[in-house]
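Asker: I'll drop the sequence and a predicted model, then ask my questions.
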Amino acid sequence: YYGLRLGTTRVIYKEDAPSTSFWIMNEKEYPILVQTQVYNDDKSSKAPFIVTPPILKVESNARTRLKVIPTSNLFNKNEESLYWLCVKGVPPLNDNESNNKNNITTNLNVNVVTNSCIKLIYRPKTIDLTTMEIADKLKLERKGNSIVIKNPTSSYVNIANIKSGNLSFNIPNGYIE
């Protein structure tokens with residue numbers, strides 16, 4: 001529990017929209033600095049999106065909305081594209097004790113910078129299937145002690161686990177392509 005809460009587990013950017021947005025909340029009793037960045041699916045190279053504002057101060061127990069805007073229109077128009085929207089929370093430095101020269105004790109302050117990444121999915125206009133229609137198209141096949149799930153659609157599917165009777169199966173990355 002780090003005190004910076006994102007208001008969603010994924011953000012969908014629809015092709016015909018000028019932008020999309022999501023909210024964050026600082027649940028701590030002190031302000032934090034928030035920095036955002038969007039990466040390609042490799043989580044290292046920068047993606048064709050910006051988040052505004054890219055850096056901001058969020059006061060204690062405050063909630064604010066951030067906007068995601070594309071910087072290019074060179075997206076795949078036939079299938080969804082996956083990106084990673086990362087939000088970094090930086091707490092303030094506590095240097096009150098270090099300014100006291102008469103202090104004979106030593107304090108060790110550790111500031112933890114948190115970085116949470118959620119999926120940002122670009123959805124082209126050509127994809128008009130509902131969630132239920134996509135689920136109906138998934139192909140499940142049992143191979144020994146494993147289940148193979150094939151997704152013939154051009155949409156990303158998020159599956160946390162699968163239950164069958166008393167058996168429960170976890171999905172390694174939380175999603176299948």
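Answerer: Right, received. Where do you want to start?
Asker: which stretches of this protein aren't confidently modelled?
Answerer: Applying pLDDT under 70 to the chain picks out residues 1-2, 94-112, 173-177.
Asker: which residue is nearest the middle of it?
Answerer: The centroid of the chain falls nearest to Ile118 when counting by CA atoms, centre = their mean (1.0 Å).
Asker: what is it paired to in the beta sheet?
Answerer: Counting by DSSP bridges, Ile118 is bridged to Leu85.
Asker: wait, it sits on Leu85?
Answerer: Yes: using CB atoms under 8 Å, Ile118 is in contact with Leu85, at 5.4 Å. Every residue, glycine included, has its C-beta placed from N, CA and C.
Asker: who touches both of the two?
Answerer: Val11 (CB atoms under 8 Å, 6 or more residues apart in numbering).
Asker: find the nearest non-adjacent residue to Gly7, please.
Answerer: Trp23 (3.9 Å; CB to CB, 6 or more residues apart in numbering).
Asker: before we move on, what about Leu56?
Answerer: Val34 (5.4 Å).
Asker: show me the contact partners of the helix or strand that neighbour falls within.
Answerer: Per DSSP states H and E, Val34 falls inside strand 32-39. By CB under 8 Å, 6+ apart, the residues outside strand 32-39 that reach it are 3-4, 24, 26, 45-47, 49-51, 54-58, 66, 68, 83-92, 117, 120.
Asker: Arg123 against Glu15, yeah?
Answerer: Yes: counting by CB under 8 Å, Arg123 touches Glu15, with 6.5 Å between them.
Asker: more neighbours: those two, which one.
Answerer: Ranked by neighbour count (other CB atoms under 10 Å), Arg123 and Glu15 place Arg123 first, with 21 against 14.
Asker: next one: the residue nearest to the centre of the chain from Pro91, what distance?
Answerer: 21 Å (CB to CB, to the nearest Å).
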